[in-house]
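>>> Sequence and computational prediction follow.
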Amino acid sequence: MFILKLLILSHFDFLYGPQIVLKAPESVSDEELEKIPALMDLYEKGFFVHIFGKFKSVNLIFELPSEYARGTKELLLISYLVDAKNDVNDNVVKKLLKQFATELKKIEDAYKGFYVNSEVHHGDEEVFKKIQLLFSKFFESFPIESVVIKRKRAKIFLFGLTQAGKTTIVNCLRNSYSKNPLPTTNVHISRVNLEDLSILVYDAPGQIKFHDLWFPYLKNQNGLVFVLDLADEEKLPAAKKILHKIADNPQVKDLPLLILLNKKDLISKDIKDKVEFLELDKLENHPHKYFVTSAINNDGIEEAFNWLSLQLSAALTPYSEIELGLIFSLWDENDGLKNILVYPDAFTDDHELIAVRCFSISQFIFGGESFKRATVVLPFTNLKAKAAIYFDIIPNDKIRGGNLPISLVVFYNEKIPRAIIDQFNILIFEKLTELKKYYHDRNYITNELKKIYESIKEKLNTYKPTIRALRIAELRYQALFKAARDAIIIIDRKSGIIIDANEQMEFILNQLMEDIIGMHISQIKLKDESMSFMDEVYRIVKLYNPPLLELELLNSNGEVIPIEINANEIQMGGQNLIQCILRDITERKLAQKNLENSEKKFRYLFENSPFTIMLINQKGLLVDSNPAIEDLTGYRKKDLLYNRFADLTIIHKEDFVKLTKELKNLVKGKPYTHAEIRINRKDKSIIWTSIQSTLIKIGGEKYIQLIADDITEQKQAEQIIKTRLKSEKIISAISSRFIVIEDLDQVISDSLRDIGRFSNSDRASFYLFDDDNISMRISHEWINQEEFSLKENLQYFFIDTFPWWKKRLEKGDFIQILNVEKLPEDARATKDLLESQGIQSLLALPIFLREGLTGYLILEKTCKDSWRDDDYAVLGIFSEFLSNALQRNKAEKQLKESEQKYHQAYDRANFYKELFAHDMNRILNNVEQMIKNVSSKINNDQRRDNIGYIINNLQDQVSNGHKLINNVQKLSKLEESGIKLEKIEIKRILEDVFRHFESVFLKKKIRFKIKPDENFYVSADDILFDVFENILFLDIYNNKNKHVDIEIKITKEIRKNNNYITMKFIDNGLEVKDMNHIEEEGDNRGMLLRLSLVDRILTTFDGEIWVEGSNFVISIPEG
């Protein structure tokens, strides 16, 4: 069999550090070999064994007298390397390396041979050649077959009272050292190599309360070691008692017993009396021998264990391979193992220990879960077998928890692939279901185990071709698995049980393979107790392209082992598994320590920089950042790291493309860039940052470094200045418009547009109250989208409908609503109106003139938003300009109206004077003519009967005169004072007019009819009586029929976007002349005066009068 052999000689140069001087064979090249000289920084002078990667190195650091070196001695390292999987006879190699060091020192001025290439000191080429020749001969003569051995495996039980030095002795055997080892509180297991033996040492706790823990471990031991503290005489009787108690136990009969009388460095007396007190001659059932030792000084330990190794080596025999075997067992919390049955009987001596181990595994599988049965396959390397362990439970109310656990373990030869073993799962679970029913019947169970055994064996024979094919594939995997330079564990995904591991894992955990396999992953402890190795592994598995994770692991001795782990899910034999790779990075950590000093200053600046610094690797992952990132983003640093930078939402989406483009240019080699980028913080706020990006190299890898500075305050200051300038520009534009006003409507519209855009509003409006101060309407409006317009829909509405809004307006101050949803209950009407329009926030300001509240300006948004101080300022200034303009416009209008009224009154006075004079002349002429008629009738007795008729006509003319004067007075009154509008019932007024005409036209029969005969209301005054009276008078007066029928037809209409009541007066008389031509004929002047009165009254009501055919029609707003 070929065995790798390497020899390296290293020298510590005080200028350049440790370096390789000679190497054999010279042709071997491996980066790992370059790490050998660094061991001179890790270890003190002397012999030691070190394992790294695929190599195991046996080393000796020694000194050489020198005139060049500091301290007058050169430091040298001679290293012998083999494959890490090989065992080495340490004592033989140690002697050989010391022999080489001795021979090297015999070379005269040997130190000069190490300075041949030095620029400081004079080296000697001839001396170097002598060293080279010695090195070559040593390599060629190195007895490789004697050094590399296949060790036999053994177990020894180490016991004694507390503080006797047991753990210190184990540390001596393992070449480790601890000044103040803590008392052992549990059985610690560790492996040590002695000569041709690989010994598993069970270090038992010495406290009396733990002694009961010893006895389960006594079974299957190969040797005993008892340790006595010579310096503690008080405990001597107790120590003697425990020595004989263990030695007399039948389980350890005939085992070699090594007795170590320890701590000789603390005593000066003769120990013969103590040896006699122990009565060692009574230990006749054991080959035994005592040694006086000092573990703290490693004195006598090697000689004592050499004796023990000789005893063990002679007695050990190798294990026989298992082909197939079954173990059935139950577990009772009170009684422990019950009904343990094995088939075949002799296939293993450790069936009880195996059963206990299986049930300890089941605790993790069943722990807290509801499923009743499970299975797991584990390798048992010491038995050269694979064990398929099947668990189930039997309901039993008599025991705590109500369930009795059972297990059936099927052992297969280690050559049987896992995929074949899985083929028997259904069969085993079916059989296990039957066994549960008769678990008390040992004969039945034995027979069933035999049937299962024969059934599996028969099928295995049929599977042989498949086994060979699968075995080849499994061996390939196992070859890679076992030869891996890193430690690997395979974990059952469902249960968390370690089902396989390679040898490197033994060195990391300092535990035997048989103890590692079957462990639950949670049993691997970390230095940081707040962390869980299991949680970290499962977390890594869930990540996409996870980074390597560094942890500090505690091995069985409590030593801290820095490791780097990675994990991924795999499938093997139908099982979902996790492959976890652990790399011992102790050396790397030590090497990193040398860099830390130089990096500390940079790291200090990095960590304490007020700027946020981020590192992005070539895969786009954010791999590092300083703590300032938490202040900048509000996220925890660990939540951001190792995520794809492109997947993070911290960069504002509008700026992400810009930043990505800058980074791509940077990678292409363009110079470093600068960009102002918005950051989305965790609290949903947005801040501005200035980001500088550069391409840097760290450890040979390229990174993008981003340095971000929070410039939010700077941006806000810039925005304030911009906003202020913009507001001043708008104020200037608005004020210039109000200096010379040619079109006030256009000025208002343009100003609303500017203010709306400046404030980012969706609508800016000016609401104006009507003269009655009851209704209001949108006078002017600006909208940023057509659908926001309300001008048509809210032309008129009553302010009393919105009492809360009216109350706020009357206060005369700004009204700000930041969230319509939070309006109080008494603002329900306002809230409903705003929500129907989609408005979420608004800012309003009432407009007052001398007469009082005139209207208000309002800015509205469809989103919840705040209003800036500049919004208030611009709106306030505009309201001042607008109120002054409205006041001035109103004054000008009143003056203009006053002048118009004067001219109208003057014209109307002349018009009325002419009408009055005409009508009065006509009346007086009629009276004069009638008087003449009366006079002539008096002289003519025959016509005396007509005098009554003349007198009646005379009375009519007088009445007409009175009516004429009354109409003129009413017209004058209307011109001066106007009318106050209220809700008037039409039917009531018409009925009053009908009664009036019954006493006026006595010679005519008049019939009035209203259609429909319902109540209608108009916005008018009681003077409406005069409207109806004059219209009906004209209808009756001009109707020549003695029977006059008049129908008033009433309808509702929409006129000028409002509701109107329209009345049509229909009579059975002749057609009335067109109103446009009435004034053209003198005889109609009296009619014109009446119609003027009607028209003037209706105008006051906002009504109208016109003629359709031969009928008068009037229309008045509905009340």
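Yep, it's here.
>>> and the residue most central in space within the chain, what helix or strand is that in?
What sits nearest the mean C-alpha location of the chain, by CA atoms, centre = their mean, is Asp639, with 8.1 Å. Asp639 is part of helix 637-640 when elements are defined by DSSP states H and E.
>>> what are the ranges of the strands in the stretch 51-200 of the chain?
Across the stretch 51-200 of the chain, reading from the start of the chain, the strands by DSSP state E, counting those that start in this stretch fall at 55-65, 73-83, 87-88, 148-149, 152-160, 188-194, 197-203.
>>> Lys1040: which of those is closest?
Between Lys1040 and the strands of the stretch 51-200 of the chain, the tightest spacing by CB to CB is seen for strand 188-194, at 139.1 Å. Placement of C-beta: from N, CA and C, glycine included.
>>> on that earlier part again, check which helices and strands the helix holding Asp639 sits against.
The elements that helix 637-640 packs onto, with contact taken as 3 or more CB pairs under 8 Å, 6 or more residues apart in numbering; DSSP states H and E, are strand 622-625, helix 628-633.
>>> Mean pLDDT for the ones you listed - can I get that in a markdown table?
Below are the helices and strands packed on helix 637-640 laid out as a markdown table (pLDDT from 0 to 100):
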| stretch | mean pLDDT |
| --- | --- |
| strand 622-625 | 91 |
| helix 628-633 | 91 |
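>>> For these, give me a markdown table that also has distance to Leu577 and mean neighbour count.
Supplementary listing: the helices and strands packed on helix 637-640 in a markdown table, determined by distance: least, CB to CB, whole Å; neighbours: other CB atoms under 10 Å:
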| stretch | distance to Leu577 | mean neighbour count |
| --- | --- | --- |
| strand 622-625 | 29 | 20 |
| helix 628-633 | 37 | 19 |
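>>> could you dump the ones you listed to a markdown table with distance to Asn819?
Formatted as a markdown table, the helices and strands packed on helix 637-640 follow (distance: least, CB to CB, whole Å):
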| stretch | distance to Asn819 |
| --- | --- |
| strand 622-625 | 37 |
| helix 628-633 | 27 |
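>>> looking at these, which is closest to Ile565?
Closest among the helices and strands packed on helix 637-640, once you apply CB to CB, is strand 622-625, at 17.0 Å.
>>> That closest one pairs with which strands, and in what direction?
Listed by DSSP bridges, the sheet partners of strand 622-625 and their directions read strand 612-616 (antiparallel).
>>> show me where pLDDT drops low in the stretch 551-700 of the chain?
Filtered on pLDDT under 70, the stretch 551-700 of the chain yields the residue ranges 573-574, 594-602, 671-673, 699.
>>> That one: helices as residue ranges?
In the stretch 551-700 of the chain, the segments counted as helices under DSSP state H, counting those that start in this stretch are 586-608, 628-633, 637-640, 653-667.
>>> Can you point out the buried residues in stretch 115-123?
If you call a residue buried by 16 or more other CB atoms under 10 Å, then stretch 115-123 has these buried ones: 115-116, 121, 123.
>>> Can you lay out those residues as CSV showing distance to Leu64 and pLDDT?
Below are the buried residues of stretch 115-123 laid out as CSV (distance: CB to CB, whole Å; pLDDT from 0 to 100):
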residue, distance to Leu64, pLDDT
Tyr115, 12, 91
Val116, 15, 90
His121, 14, 85
Gly123, 14, 90
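>>> quick check, nearest of those to Leu283?
Tyr115 (60.6 Å).
>>> thinking the closest one is in contact with Gly123, fair?
Yes. The criterion here is CB atoms under 8 Å, and Tyr115 meets it with Gly123 at 3.6 Å.
>>> for the helix holding Asp639, the distance to its chain's centre please.
Distance of helix 637-640 from its chain centroid, counting by CA atoms, centre = their mean, to the nearest Å, is 10 Å.
>>> Mind listing what's buried along it?
By neighbour count, and taking 16+ other CB under 10 Å as the criterion, the buried residues in helix 637-640 are Leu640.
>>> So what touches it?
When contacts are defined by CB atoms under 8 Å, 6 or more residues apart in numbering, helix 637-640 is touched by residues 622, 625, 627, 629-630, 633, 648, 650.
>>> go on, stretch 692-708?
611-618, 623, 632, 662-663, 666-667, 672-675, 677, 679, 689-691.
>>> now swap in stretch 1043-1050 and tell me
Contacts to stretch 1043-1050, defined as CB under 8 Å, 6+ apart, come from residues 986, 990, 1001, 1004-1012, 1014, 1016, 1032, 1035-1036, 1061-1069.
>>> now with 7 Å?
With CB atoms under 7 Å, 6 or more residues apart in numbering as the test, stretch 1043-1050 has contacts from 986, 990, 1004-1012, 1016, 1032, 1035-1036, 1061, 1063-1069.
>>> Repeat that for stretch 408-415.
Taking CB under 7 Å, 6+ apart as the criterion, the residues outside stretch 408-415 that touch it are 321-328, 354, 358, 379, 384-390, 421, 428, 432, 456, 471.
>>> about what we covered before: the helices and strands packed on helix 637-640: which one's closest to Phe48?
Distances from Phe48 to each of those were compared using CB to CB; the minimum, 35.7 Å, belongs to strand 622-625.
>>> Return the alpha-carbon coordinates of the closest one using PDB.
Listed next in PDB are the C-alpha coordinates belonging to strand 622-625 (Å, rounded to 0.1, in the frame of the first residue of the first chain):
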ATOM      1  CA  LEU A 622     -24.300  43.200   0.400                       C
ATOM      2  CA  VAL A 623     -21.500  41.400   2.400                       C
ATOM      3  CA  ASP A 624     -20.600  44.100   4.900                       C
ATOM      4  CA  SER A 625     -21.600  47.500   6.300                       C
END
